[in-house]
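Novice: sequence and predicted structure below; questions after.
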Amino acid sequence: ILYHKVNIQYCLLVNERHNYKSLCAVETAIRYFEAKEPKSLSSSISLHVLDPRPVIIGSNKELSIINTANNEDIRQICVGPKNTYTVPSLRPNTQYYFDVFVVNLATNASAAYTGTFAKTLKQPEPKVIELKEGKTIQLHFTGKKQKIYSLQYQAKQKAVHFTFQSCKGKVWAQIFKNGKILISESFEGFRHFTLRGKLLDMYLVQLKPAEESSSSSVKVQVPFHFYKP
């Protein structure tokens, strides 16, 4: 049934619920839930319903057919005769189930490989640099990889001064106080902010290049006092 190599393609099914033993099992599950509670379960059913309008992508004489559910929690990717595929845009710290099917396009017959599952890694937490009053920190951005620096400061007085000196290139900065964003802007050269709050307020400063793939450098300081020139 599946010996016509010219008509053979591999299809990968990715979802967060469970493995499927066959493509027929997927279609049966769809029909069952739709017939049982088509309205109240419309949101959960969409986890299993494949979009009937596939997106067809042609590349290097190879055909890829991608079906996705409305909320993208299930994906069917058919990649022709290729036997390797990298699944993009997976969420961190999430368990996914993977099923591979070989399909004969001429006869519509299919056979399944044994399914498997894997859990994606947790998203690494950014390293936080402690800011100390009067101490200058210089940060460098190489441009090869978009890195975001996170700096933390706990207020020792009601008025807190942040000074930035862009030594090279344009820098984008965000300043949060107790989790609430106060400042979000890009700058070049010298920039100063005076923020008022309470003792022991926690400030978080995030810095990155304002332009993609650009090299830049910035000095950051929380001075004891700030005097306008």
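Specialist: Okay, I see it. Numbering: from 1, shown residues only.

Novice: please count neighbours and contacts with C-alpha atoms only from this point.
Specialist: Fine.

Novice: contacts only, for residue 97.
Specialist: 13-19, 115-118 (C-alpha atoms under 8 Å, 6 or more residues apart in numbering).

Novice: what's the PyMOL line that selects buried ones from the residues you listed?
Specialist: To isolate the buried members of the contacts of residue 97 in PyMOL, using 16 or more other C-alpha atoms under 10 Å:
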select buried, resi 13+14+15+16+19+115
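
Novice: need the contacts of residue 97 in TSV (columns: secondary structure).
Specialist: Below are the contacts of residue 97 laid out as TSV (DSSP: H, G, I helix; E, B strand; the rest coil):
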residue	secondary structure
13	strand
14	strand
15	strand
16	coil
17	coil
18	coil
19	coil
115	coil
116	strand
117	strand
118	strand
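
Novice: burial measure for the nearest residue to residue 152 once chain neighbours are set aside, as a count.
Specialist: Leaving out its chain neighbours, the residue that sits closest to residue 152 by C-alpha to C-alpha, 6 or more residues apart in numbering is residue 204, at 4.6 Å. Number of residues near residue 204 (other C-alpha atoms under 10 Å) recorded here: 21.

Novice: now do residue 87
Specialist: Residues near residue 87, counting by other C-alpha under 10 Å: 10.

Novice: residues touching residue 157, list them.
Specialist: 198-200.

Novice: what sits closest to residue 217 if chain neighbours are left out?
Specialist: residue 140 (4.5 Å).

Novice: which secondary structure element contains the one you found?
Specialist: Using DSSP states H and E, residue 140 sits within strand 136-141.

Novice: now do that strand, average pLDDT.
Specialist: When pLDDT is averaged along strand 136-141, the result is 92.

Novice: and stretch 193-206, by the same measure?
Specialist: 95.

Novice: how long is it end to end?
Specialist: 14 Å (C-alpha to C-alpha, to the nearest Å).

Novice: just to revisit the earlier point, so how far is residue 193 from the residue nearest to residue 217?
Specialist: 21 Å.

Novice: residue contacts, the spatially closest residue to residue 21 that is not a sequence neighbour?
Specialist: Excluding its sequence neighbours, the residue lying closest to residue 21 (C-alpha to C-alpha, 6+ apart) is residue 112, at 6.5 Å. Neighbouring residues of residue 112 by C-alpha under 8 Å, 6+ apart: 21-22, 99-102.

Novice: coming back round to it: what helix or strand is the residue nearest to residue 152 on?
Specialist: Residue 204 belongs to strand 202-209, assigned by DSSP H and E.

Novice: and the helices in the protein?
Specialist: With helices called from DSSP state H, the chain shows them at 23-36, 42-45.

Novice: helix or strand with the lowest mean pLDDT in this protein?
Specialist: helix 42-45 (a mean of 34; mean pLDDT, DSSP states H and E).

Novice: shaky segments in this protein?
Specialist: 1-5, 29-74, 125-126, 143-146, 213, 226-229 (pLDDT under 70).

Novice: wait, residue 160 touches residue 192, no?
Specialist: No - counting by C-alpha atoms under 8 Å, residue 192 is not a contact partner of residue 160; they are 10.6 Å apart.

Novice: in space, what's closest to residue 109 - neighbours in sequence excluded?
Specialist: Using C-alpha to C-alpha, 6+ apart, the closest residue to residue 109 is residue 103 (5.8 Å).

Novice: re the thing from before, sheet partners, orientation included, of the strand holding residue 140?
Specialist: strand 216-221 (antiparallel) (DSSP bridges).

Novice: lovely, talk soon.
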